[in-house]
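S.K.: Below is the structure, and that's it, no one-letter string:
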């Protein structure tokens with residue numbers, strides 16, 4: 001019916017288009033696209049989901065984050081393989097939804113990471129802790145802190161990353177021998193023995 005009206009009276013076409021957009025047609029299309037992305041992510045194997053963290057498409061990287069959380073404990077060994085991966089994380093969803101942090105995105109692959117951008121290895125560290133806490137919102141932001149002041153959100157320095165990985169790798173041995181529920185009962189998080197933690201995290 002609507003296509004007939006548009007053909008008969010072309011002057012109404014812009015008005016009808018706006019009407020369709022206003023009544024949620026655009027939202028339905030966007031929702032459908034997101035559902036397709038989620039379904040396709042579900043069809044990937046674990047290694048492919050981890051690889052999707054490196055996507056420069058923000059929504060794809062975000063869906064990878066959600067899928068990793070959905071799969072849970074079994075993804076931790078694969079996340080450990082991200083150590084040293086300095087590629088940029090272009091997704092979102094790491095941190096509390098009401099956090100006051102505005103996390104910058106790099107303008108290009110060649111931009112130097114001064115510690116204010118989130119790398120894949122930082123995202124992996126964050127996700128390991130998030131799986132332990134069963135929440136992506138266990139901290140305010142994916143920024144490592146040791147209590148010292150920083151400038152321009154340059155939190156994720158090589159020194160802090162080293163401290164975090166040392167703690168997580170030690171924790172991993174306990175995870176293998178004791179299991180996640182035992183560690184949770186002891187309140188032994190991945191960074192509990194580290195000098196660093198994620199900003200305002202538990």
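M.R.: Perfect, thanks for sending it. No experiment lies behind these values; they were computed from the predicted model shown.

S.K.: where are the low-confidence patches of the protein?
M.R.: Where the chain drops to pLDDT under 70, the residues are 1-39, 109-110, 201-202.

S.K.: any chance you could map the helices in this structure?
M.R.: For the chain, applying DSSP state H gives helices covering 2-8, 13-22, 25-42, 46-52, 58-71, 76-80, 120-133, 158-178, 180-185.

S.K.: So for stretch 122-141, first residue to last residue, what's the gap.
M.R.: 11 Å (Cα to Cα, to the nearest Å).

S.K.: Now do that stretch: distance to the chain's middle.
M.R.: In this view, stretch 122-141 has its centroid 9 Å away from the chain centroid, taken as Cα atoms, centre = their mean, to the nearest Å.

S.K.: can you check stretch 184-202 too?
M.R.: 19 Å.

S.K.: List the residues that contact the closest residue to residue 60 other than its chain neighbours.
M.R.: Once flanking residues are discounted, residue 60 sits nearest to residue 52: 5.8 Å by Cβ to Cβ, 6 or more residues apart in numbering. For the C-beta atoms, the positions are set from N, CA and C on the backbone; glycine is no exception. The contact partners of residue 52, by Cβ atoms under 8 Å, 6 or more residues apart in numbering, come to 41, 44, 60-61, 63-64, 67.

S.K.: Need the contact partners of stretch 82-91.
M.R.: 50, 53-62, 64-65, 105-106, 109, 111, 113, 117-124, 165.

S.K.: From those residues, keep the buried residues only.
M.R.: Those of the contacts of stretch 82-91 that meet the buried threshold are 50, 53-55, 59-62, 64-65, 106, 117-124, 165, by 16 or more other Cβ atoms under 10 Å.

S.K.: returning to that earlier point: could you dump the contacts of residue 52 into CSV and include distance to residue 160?
M.R.: Listed next are these as CSV, based on distance: Cβ to Cβ, whole Å:
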residue, distance to residue 160
41, 30
44, 31
60, 28
61, 22
63, 28
64, 24
67, 27
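
S.K.: Farthest-apart pair in those, please.
M.R.: Spatial extent of the contacts of residue 52 (Cβ to Cβ) is set by the pair 44 and 61 at 13.1 Å.

S.K.: And for residue 171, the neighbour number?
M.R.: By other Cβ atoms under 10 Å, 22 other residues sit near residue 171.

S.K.: That one contacts residue 188, doesn't it?
M.R.: Yes - taking contacts as Cβ atoms under 8 Å, residue 171 lies within contact range of residue 188: 7.1 Å.

S.K.: residues in contact with residue 156?
M.R.: Residue 156 neighbours (Cβ under 8 Å, 6+ apart): 113, 115-119, 122, 142-144.
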